[in-house]
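J.: This is a predicted model, with the sequence first.
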Amino acid sequence: MKKICTTIISLMFFGSLVFTQLAEFSHNLNRRISKMKKLLTIIVSLMFFGNLVFAQLTEFSHGDILSAGAMNNNFKYLEKRFGGIRETTVNCGTSGTGSGINSAIQNGYNSIVINGICKENIKLDGTEGNIPRLLKLRGANNDASQDKIIDNSSYTEHVLKFNYGGMLVTIDNLTISGGDRAITAWSNINLRIYNSKVEGYKNRGINLSGGSVLDAENLTIDGSYSGATTDEEGLFLWGGSVAWFNNLTITNNQKYGLTMYLSDIGVEGNVTLTGNSRAINVGKGATFNSEANITISGSTDKAISVSQGLLEIWDGTTSITSTTGQILSSWMSNIQIKNLTATGDGSSGHIFSINNSVFSLENLSLSNGGEHGIWIGNSTGEFDNLTSSNNKEDGISAQRSRIRVENSVFSGNENDGIK
């Protein structure tokens, strides 16, 4: 018979030393959570604009929540500042042998309409000479399946590579296909992607680093290329970069769907992560913030991993199925999750593993864990409205931790409801 339980478990024997260290870690991360309660604004560090630009742009601090409005306003302002649009159309045909984008850029065009399939690699590096500060690449047919830029390097180069120079690059209704990496942005590149697809890459779909910014809507990143390496990743952020997504699909990457270090990602709309070995990887000093409806399936190496980072799924819903082993792993991190449903594989691992972390979990339904529903060690946190059922061992197993459980149900577990 199910019992609604409200209980406080204080396992005090862990000792003061661990909790002193944990409290210090919790304090540092909670300062970031307090900043994330406000809708984000975002900074674009384009140093050549000078003080006038910074007076007009909304400023961003690491760990803030990303918002579409603030990012769009910043990008629109930058487009106006750049000005001087020169547009041309490049007709590449449909055979995958045409070209003309690089030639158009060299001839001074910064808004290029692409009709057909262009086979060429585009590299713009601010350290190598004059580059356009604004580049717009748009499909002529408003259909990414018809208008494409594909690799011409046999997977040794990046299809689109933008380095330095503080460029603003827009990709609209295009497919970017192939390459060692499909798209790379380094050092203050500002990238907007709409209604587009990235596919067929060998190592990474999109690589964003060095303080670059990505604003994307209706983006698909597909890692289905048969020749991809075992390190294949759909989306990689590093080094103070920021990305915001409205409607994102990432599929079939052999390592990570999306991963981030010392960077921030915000998502809303619908996010689908299917067939990636690990769907979400939040690394050291990174923040993942969601108000999206997230669906994760087919992961073989955890659905979500957080290591020395911050995970906040504070709105929307999250559904996780068909994942082997642990569904969420947290170490030395701060996690806040609402409205999550997860079903284990019934044969391997805990559904949640929380270690040396601070957590707040609300409206969770966990079932069919191969071991415990939730394992907790050396951590502090609370549950509200948790269901943990039909697990091979305990509903919750905690040691050297302090937890608070309210309004929760434990049923059908082969060992204890709470241990």
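T.: Thanks, I have it.
J.: Can you list the low-confidence ranges for the protein?
T.: Residues of the chain meeting the criterion pLDDT under 70: 1-83.
J.: which stretches of it form helices?
T.: 16-35, 51-56, 68-82, 101-106 (DSSP state H).
J.: Gly346 against Lys392, yeah?
T.: Yes - using Cβ atoms under 8 Å, Gly346 is in contact with Lys392, at 7.2 Å. Heads up, the C-betas are built off the backbone N, CA and C, glycines and all.
J.: quick one: the strands in the stretch 101-250 of the chain?
T.: Taking DSSP state E, counting those that start in this stretch as the test, the strands found in the stretch 101-250 of the chain are 111-119, 122-125, 134-139, 148-150, 158-163, 168-172, 175-177, 181-186, 190-199, 204-209, 213-222, 233-238, 242-251.
J.: follow-up on the earlier one: spit out the residues that contact Gly346 and Lys392 alike.
T.: Gly369, Gly370 (Cβ atoms under 8 Å, 6 or more residues apart in numbering).
J.: So which of these two has more stuff around it?
T.: Neighbour count, other Cβ atoms under 10 Å: between Gly346 and Lys392, Lys392 has more, with 19 against 12.
J.: Show the contacting residues for the more buried one.
T.: Contacts of Lys392 (Cβ under 8 Å, 6+ apart): Gly346, Ser347, Gly369, Gly370, Glu371, Glu414.
J.: burial measure for the closest residue to Thr380 other than its chain neighbours, as a count.
T.: Closest residue to Thr380 apart from its sequence neighbours, by Cβ to Cβ, 6 or more residues apart in numbering: Arg402 at 4.8 Å. Applying other Cβ under 10 Å, we find 18 other residues in the vicinity of Arg402.
J.: Asp143 too?
T.: Asp143: 12 neighbours (other Cβ under 10 Å).
J.: wait, doesn't it sit right on Asn173?
T.: Yes - the pair Asp143 / Asn173 is scored as a contact, 6.4 Å apart, by Cβ under 8 Å.
J.: Mind checking the strands of the stretch 101-250 of the chain for the one nearest to Leu328?
T.: strand 242-251 (17.8 Å; Cβ to Cβ).
J.: Return the distance of that closest one from the chain's centre.
T.: Mean C-alpha position of strand 242-251 versus that of the full chain (Cα atoms, centre = their mean, to the nearest Å) differs by 7 Å.
J.: partners of it, with directions?
T.: strand 213-222 (parallel), strand 264-274 (parallel) (DSSP bridges).
J.: buried stuff in the last one?
T.: What it means is strand 264-274. Asp264, Ile265, Gly266, Val267, Glu268, Val271, Thr272, Leu273, Thr274 (16 or more other Cβ atoms under 10 Å).
J.: So which of those residues is the closest to Ser299?
T.: Nearest member of those to Ser299, counting by Cβ to Cβ, is Leu273, at 7.7 Å.
J.: ok, now which ones touch the closest one?
T.: Per Cβ under 8 Å, 6+ apart, neighbours of Leu273: 249-251, 257-258, 279-280, 294-297, 299, 303.
J.: Also Val271?
T.: Taking Cβ under 8 Å, 6+ apart, one finds Phe245, Asn247, Leu248, Thr249, Ser290, Ala292, Asn293, Ile294, Thr295 in contact with Val271.
J.: now with 10 Å?
T.: 245-250, 257-258, 279-280, 290, 292-296, 316, 318 (Cβ atoms under 10 Å, 6 or more residues apart in numbering).
J.: Mark which of the contacts of Leu273 are buried, thanks.
T.: Using 16+ other Cβ under 10 Å, the buried ones in these are 249-251, 257-258, 279-280, 294-297, 299, 303.
J.: Reformat the residues you listed as CSV; add distance to Lys161.
T.: What follows is the buried ones among the contacts of Leu273, written out as CSV (distance: Cβ to Cβ, whole Å):
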residue, distance to Lys161
Thr249, 24
Ile250, 21
Thr251, 24
Gly257, 22
Leu258, 20
Ala279, 27
Ile280, 26
Ile294, 30
Thr295, 32
Ile296, 30
Ser297, 32
Ser299, 30
Ala303, 31
